[in-house]
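# Let's see this in three dimensions:
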Amino acid sequence: MADDLLGGVIGGEEEKSESAAPEAAAGAEAFAAAVAAKLSSSDPEVARDTSVFLKRQAELLAIQTEHLRDEHALRLEHLAHQRHLLRGQRLGQAIRIAFQLGIALIVLVIGVGIAVLLHDAFASHSVVIDSFDAPAALAPRGVTGTVVASDLLNELTRLQSATHAIELPQKRTLSNGWSDDVKVDVPETGVSLGEVSRLLKARFGHDLHIGGSLVETGSGGLALTVSGDRILPRTFSGGAGDLDTLVVAAAQYVYSQFQPAVWAVHLENAGRCPEAIAFIKSAYAGVSGLDRAMLLNAWANCVQQGSPSPTSWHAALEMYREAIKTDPDYMAPHVNEATGLARLGEEEGAWRLMKGAGVPDAVKRVAAPVVLTYDFGAMLNTLSSDVATTTPAIALLHVRLHDPVAAELTLQTITTSDDSFDSAALHFVRGELAEELGDRPRAAVEMEAYEAGQTDPAKREFGASMFSMLDGIDDDACQVALVEEMAGHPDKADAILANPATAHFVDCQRFRGDVLDHRGDWAGAQQAYAQAVALAPDLPEGYYSWGIALARHGDLAGAVAKLQAAHRRGPHWADPLKAWGDSLVKQDHWSDAVERYDEALKYAPNWAALKQARDVAESRRD
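Next up, the predicted model:
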């Protein structure tokens with residue numbers, strides 16, 4: 001038992017830490033004394049031996065304690081050194097990792113840069129104007145190859161800006177390689193990223209390069225030659241001071257070769273139809289798809305603008321239909337075909353065409369409900385978003401929405417030249433505005449000025465497309481006839497209505513009915529209204545005029561029936577709804593009248609007379 005106890009004590013001492021060594025030695029001496037005292041009562045010799053043994057053990061522990069004390073400082077110093085070494089290792093490891101990350105980042109940037117350069121090269125579809133060759137003798141005059149290239153760039157950019165608004169089907173492009181990115185390319189000296197990019201694009205890209213030369217002729221003039229990818233070289237000659245003119249001609253040639261369809265439309269829009277037709281004939285065989293459809297549409301526009309007549313309109317219709325066959329998704333010829341039918345007096349045919357299968361939904365949204373169903377609000381939204389400046393058409397829409405304040409403000413913001421169609425159209429708008437305000441003498445004066453101001457057929461057609469979508473141009477004279485009649489000029493009204501060429505227009509028949517009714521010929525008036533409805537049974541205006549006339553004659557039930565029919569065919573036209581409400585008021589159906597007025601206010605929210613009628617009906621309803 002004693003051995004076990006001693007062994008446990010001695011064995012435990014070897015496992016103690018150095019900080020516990022003094023306490024262990026003192027504890028051993030006390031333990032030895034306690035054991036010796038315990039054993040002395042039974043065997044003194046054993047007690048002596050045990051005491052000697054334990055004392056030696058205590059001495060041994062004391063020696064160990066001294067050693068541990070001596071080693072403690074060394075161990076602390078070693079541990080401090082180890083900490084310093086560990087810090088250095090960690091710092092070195094961090095630097096090594098940062099260096100490796102830096103190298104990886106540099107490699108990544110280089111890789112991305114190379115990928116971008118390659119992508120740009122393969123995807124490049126720019127129009128690149130290379131520096132022109134120019135004689136050194138022209139340098140003192142500031143004319144160098146780089147200057148000529150820059151001038152050509154400026155003119156091409158101007159042309160591109162001028163044709164930017166030409167409408168194309170959404171998400172579709174022309175078949176040529178022209179790009180919005182037109183730039184001058186001047187080769188760099190030495191090797192750089194720019195030079196590498198240029199070389200890659202030259203090798204893998206799809207850029208169109210344009211170059212050429214400028215030389216002095218034997219007579220002291222200048223000859224500018226342009227050439228490039230997929231275009232034949234052409235030389236433009238002029239005098240010594242004609243460089244700007246030569247650059248303009250060269251730019252137009254380059255642009256027309258790369259953008260034949262857009263160039264043709266640009267010429268047509270600018271009223272240069274003889275040039276447009278000559279160019280279209282020369283370019284037609286070399287294009288297909290959308291390009292050819294655009295050429296046909298522009299050609300047809302010029303045909304009917306050059307000599308507006310039923311014959312020219314029929315010829316234009318054939319071209320519009322061919323354009324539609326060539327590219328059914330191109331919207332313009334669909335709208336123009338319907339417009340042509342309406343201008344020929346086939347308004348019902350235009351309506352059915354717009355409702356037919358194969359007509360793009362975009363055309364149906366624009367042409368059918370807006371032009372043929374008197375949806376003036378939708379037309380105003382379309383023009384306000386598509387046209388960069390205010391036009392007579394926008395002012396006319398405000399008048400027909402019964403908003404004279406907005407119409408007058410719009411008229412004040414329009415600037416036109418004296419010889420333009422718009423200058424005549426402004427008289428028409430002011431005439432309708434005067435009629436809206438009840439000033440019939442002023443309305444007649446303005447309408448007569450309109451008729452006198454657009455006698456030139458070519459001028460009348462050119463620039464009138466926006467306006468003619470609202471007013472038929474060919475049948476607008478019949479509206480002038482009604483204004484003349486109401487202003488007390490029946491002779492002028494008769495002279496206008498006597499024209500047999502307008503007898504097949506819906507508006508002419510309904511306005512004829514109004515004139516006859518104003519003169520007391522009710523039977524003749526009803527025949528004219530019936531003829532207007534027969535000409536276009538799916539359009540609202542014939543029913544509307546007939547309904548108004550029936551209400552004037554006290555046939556309120558018949559008036560409501562006609563006005564309901566007009567509303568079904570022109571659901572966003574406020575006028576039939578107001579007239580319907582007025583007829584209900586005369587029958588003391590106040591609540592029903594308020595409903596009609598409220599619906600009309602959705603489509604003509606600023607119509608003062610409508611608001612007043614609605615307030616009166618509201619005050620009388622049950």
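# residue boundaries of the strands in the stretch 151-300 of the chain?
For the stretch 151-300 of the chain, the strands defined by DSSP state E, counting those that start in this stretch occupy 182-185, 208-216, 222-228, 231-238.
# Give me the average confidence score over the shortest one.
Strand 182-185 shows an average pLDDT of 48 in the prediction.
# Let's have the strands of the stretch 151-300 of the chain in CSV, adding distance to residue 431.
Every residue, glycine included, has its C-beta placed from N, CA and C. Listed next are the strands of the stretch 151-300 of the chain as CSV, based on distance: least, CB to CB, whole Å:
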stretch, distance to residue 431
strand 182-185, 46
strand 208-216, 52
strand 222-228, 51
strand 231-238, 49
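# Select, out of the ones you listed, the one closest to residue 266.
strand 182-185 (16.1 Å; CB to CB).
# In TSV: the strands of the stretch 151-300 of the chain, plus distance to residue 511 and mean neighbour count.
Shown next, in TSV, are those (distance: least, CB to CB, whole Å; neighbours: other CB atoms under 10 Å):
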stretch	distance to residue 511	mean neighbour count
strand 182-185	53	18
strand 208-216	56	20
strand 222-228	57	20
strand 231-238	55	14
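# How is the protein divided into domains?
2-115, 127-258, 293-531, 538-622 (automatic domain parsing).
# Which among the strands of the stretch 151-300 of the chain is found nearest to residue 86?
strand 182-185 (60.0 Å).
# Quick one, which of the strands of the stretch 151-300 of the chain gets closest to residue 276.
Of the strands of the stretch 151-300 of the chain, the one closest to residue 276 (CB to CB) turns out to be strand 231-238, at 19.2 Å.
# Tell me the strands beside that closest one, with direction?
Sheet partners assigned to strand 231-238 using DSSP bridges are listed as strand 222-228 (antiparallel).
# what's in contact with the strand it pairs with?
With contacts defined as CB atoms under 8 Å, 6 or more residues apart in numbering, strand 222-228 is touched by 148, 152, 208-217, 233-240, 242-243, 246-247, 250, 253-254.
# Dump the C-alpha coordinates for it into PDB.
Written as PDB, here are the backbone C-alpha positions of strand 222-228 (Å, rounded to 0.1, in the frame of the first residue of the first chain):
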ATOM      1  CA  LEU A 222     -10.200  69.400-108.800                       C
ATOM      2  CA  ALA A 223     -11.300  65.800-109.400                       C
ATOM      3  CA  LEU A 224     -12.400  63.800-106.400                       C
ATOM      4  CA  THR A 225     -12.600  60.000-106.800                       C
ATOM      5  CA  VAL A 226     -14.300  57.700-104.300                       C
ATOM      6  CA  SER A 227     -14.100  53.900-104.200                       C
ATOM      7  CA  GLY A 228     -14.700  51.200-101.700                       C
END
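# so that strand versus strand 208-216, what angle?
Computed with axes from the mean of the first three to the mean of the last three CA atoms, to 10 degrees, the direction of strand 222-228 lies at 160 degrees from that of strand 208-216.
# so how far is strand 222-228 off the chain centroid?
Relative to its chain's centre, strand 222-228 lies at 37 Å (CA atoms, centre = their mean, to the nearest Å).
# Let me know the pLDDT of residue 200.
So, for residue 200, pLDDT stands at 54.
# can the domains of the chain go into a markdown table with extra columns for distance to residue 269?
Converted to a markdown table, the domains of the chain look like this (distance: least, CB to CB, whole Å):
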| stretch | distance to residue 269 |
| --- | --- |
| domain 2-115 | 43 |
| domain 127-258 | 8 |
| domain 293-531 | 9 |
| domain 538-622 | 30 |
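# Select, out of those domains, the one closest to residue 267.
It is, among the domains of the chain and with distance given as CB to CB, domain 293-531, at 7.6 Å.
# Quick one: mean pLDDT over that closest one.
82.
# Pull the contacting residues for residue 215.
135, 222-223, 225.
# beta partners for it?
Beta-bridge partners of residue 215, as defined by DSSP bridges: residue 223.
# Shouldn't residue 115 be within a helix?
Yes: counting by DSSP: H, G, I helix; E, B strand; the rest coil, one finds residue 115 located in a helix.
# in the stretch 501-622 of the chain, what spans have low per-residue confidence?
622 (pLDDT under 70).
# Any idea which of the contacts of residue 215 the model trusts least?
Scoring the contacts of residue 215 by pLDDT puts residue 135 last, at 87.
# any idea how far it lies from residue 484?
With the distance defined as CB to CB, to the nearest Å, residue 135 ends up 69 Å from residue 484.
# and what of residue 78?
Distance, residue 78 to residue 484, by CB to CB: 120 Å.
# More neighbours: these two, which one.
residue 484 (25 against 11; other CB atoms under 10 Å).
# Where does the more buried one fall, secondary structure wise?
helix 476-486 (DSSP states H and E).
# and that helix, what does it pack onto?
Packed against helix 476-486 by the contact rule (3 or more CB pairs under 8 Å, 6 or more residues apart in numbering; DSSP states H and E) you find helix 421-436, helix 440-453, helix 490-497, helix 506-518.
# Contacts made by that helix with the rest, please.
So helix 476-486 is contacted by 428, 431, 435, 440, 443-444, 447-448, 450-451, 471, 490, 492-494, 496-497, 499, 502, 505, 507-508, 511-512, 514-515, 518 (CB under 8 Å, 6+ apart).
# chain center to that helix, what's the gap?
For helix 476-486, the distance to the chain centre is 41 Å (CA atoms, centre = their mean).
# for stretch 260-269, same thing?
21 Å.
# Can you give the contact residues for that stretch?
159, 162-163, 166, 174, 176, 252, 255-256, 273, 275-276, 279-280, 283, 286-287, 290-292, 294-295, 297-299, 301-302, 305.
# Kindly recompute the last result at 6 Å.
Under the contact criterion CB atoms under 6 Å, 6 or more residues apart in numbering, stretch 260-269 has outside partners 163, 166, 255-256, 275-276, 279-280, 283, 287, 291, 294-295, 298, 301-302.
# quick one: the helices in the stretch 101-250 of the chain?
145-162, 193-204, 243-258 (DSSP state H, counting those that start in this stretch).
# which helices and strands sit right next to the last one?
The one in question is helix 243-258. On a contact count with 3 or more CB pairs under 6 Å, 6 or more residues apart in numbering; DSSP states H and E, helix 243-258 meets helix 145-162, strand 222-228, strand 231-238.
# as a whole number, average confidence for that helix?
90.
# Then the first one?
Computed over helix 145-162, the mean pLDDT rounds to 85.
# List the buried residues of that helix.
Within helix 145-162, the residues that qualify as buried by neighbour count (16 or more other CB atoms under 10 Å) are 145, 147-153, 155-156, 159-160.
# Could you point out which of the helices and strands packed on helix 243-258 sits nearest residue 346?
Of all the helices and strands packed on helix 243-258, helix 145-162 comes closest under CB to CB, at 35.1 Å.
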